Each structure stands twice: as structure tokens, then as C-alpha cells.
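In: Output the structure for:
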Amino acid sequence: MSSPEEPQRPDPQTPAARRLIWAGGTVVALWFIADGVKGIWPGVGTVARVVIAAGVVLVLLAVGLGVLTVVKRDREG
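Out: Have a look, this model is predicted:
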């Protein structure tokens, strides 16, 4: 047991779990956005679908790099 004067250390897994949940939510949101765009333009051609998919991949890469940057900064600080 710890004394009342001792502050409890935060659980090191908590920030990582929050980031994973946030990243998962982002992926789900992007899926719904892509599905909605496909629903708005059901007759789009193959080129348009490739452009939409490339946009989603670029956003996912940006989010992934952002998460990695924050994790790296947290470990250094």
C-alpha cells in the first residue's frame, strides 16, 4: 500500500491504449467517409475510385506519422 502523501504513478499503458483507440476510431471514420462518397457518386469510374482510395491512404499515413511523432516525443520527454 502507498501512503496518502505519495502520488500514484500513471499507468504507462493508458496513453498508448488511448492512442490505439483514437487511431481505430479514425480508421472507422475514414471508412464511413469513403463509403459515403461512394454512395453519393455511385456511377464514378475506376479513376475516381483510385483517387478516393489514394486520398484515404494518404490521410491514414499522415495520421500514423502523427501518432508516431507524438509517441516518440512522449518517450523523449
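In: Now do the SS call for the most centrally placed residue in the chain.
Out: The centre of the chain sits closest to Ala23, judged by C-alpha atoms, centre = their mean, with a distance of 2.4 Å. Following DSSP: H, G, I helix; E, B strand; the rest coil, Ala23 is assigned to helix.
In: isn't it right next to Val63, touching?
Out: Yes - Ala23 is within contact range of Val63, at 6.6 Å (criterion: C-beta atoms under 8 Å). Placement of C-beta: from N, CA and C, glycine included.
In: tally of neighbours for Gly55?
Out: Using other C-beta atoms under 10 Å, Gly55 has 14 other residues around it.
In: thinking again about what came up before, which residue, neighbours along the chain excluded, lies closest to the residue nearest to the centre of the chain?
Out: Val67 (5.9 Å; C-beta to C-beta, 6 or more residues apart in numbering).
In: Could you check the pLDDT of Ala17?
Out: pLDDT recorded at Ala17 is 78.
In: Okay, and it sits in which element?
Out: Ala17 is part of helix 13-40, with elements assigned from DSSP states H and E.
In: So what's the gap between the helix or strand hosting Ala54 and the chain middle?
Out: Taking DSSP H and E as the criterion, Ala54 maps to helix 46-76. From the chain centre to the centre of helix 46-76 is a distance of 8 Å (C-alpha atoms, centre = their mean, to the nearest Å).
In: Can you name every helix or strand that that helix contacts?
Out: Secondary-structure packing of helix 46-76 (3 or more C-beta pairs under 8 Å, 6 or more residues apart in numbering; DSSP states H and E): helix 13-40.
In: any idea how far the nearest residue to Ala34 once chain neighbours are set aside lies from Val63?
Out: Distance criterion C-beta to C-beta, 6+ apart; nearest residue to Ala34, sequence neighbours excluded, is Val56 at 5.2 Å. Remark: distance between Val56 and Val63 (C-beta to C-beta, to the nearest Å) = 11 Å.
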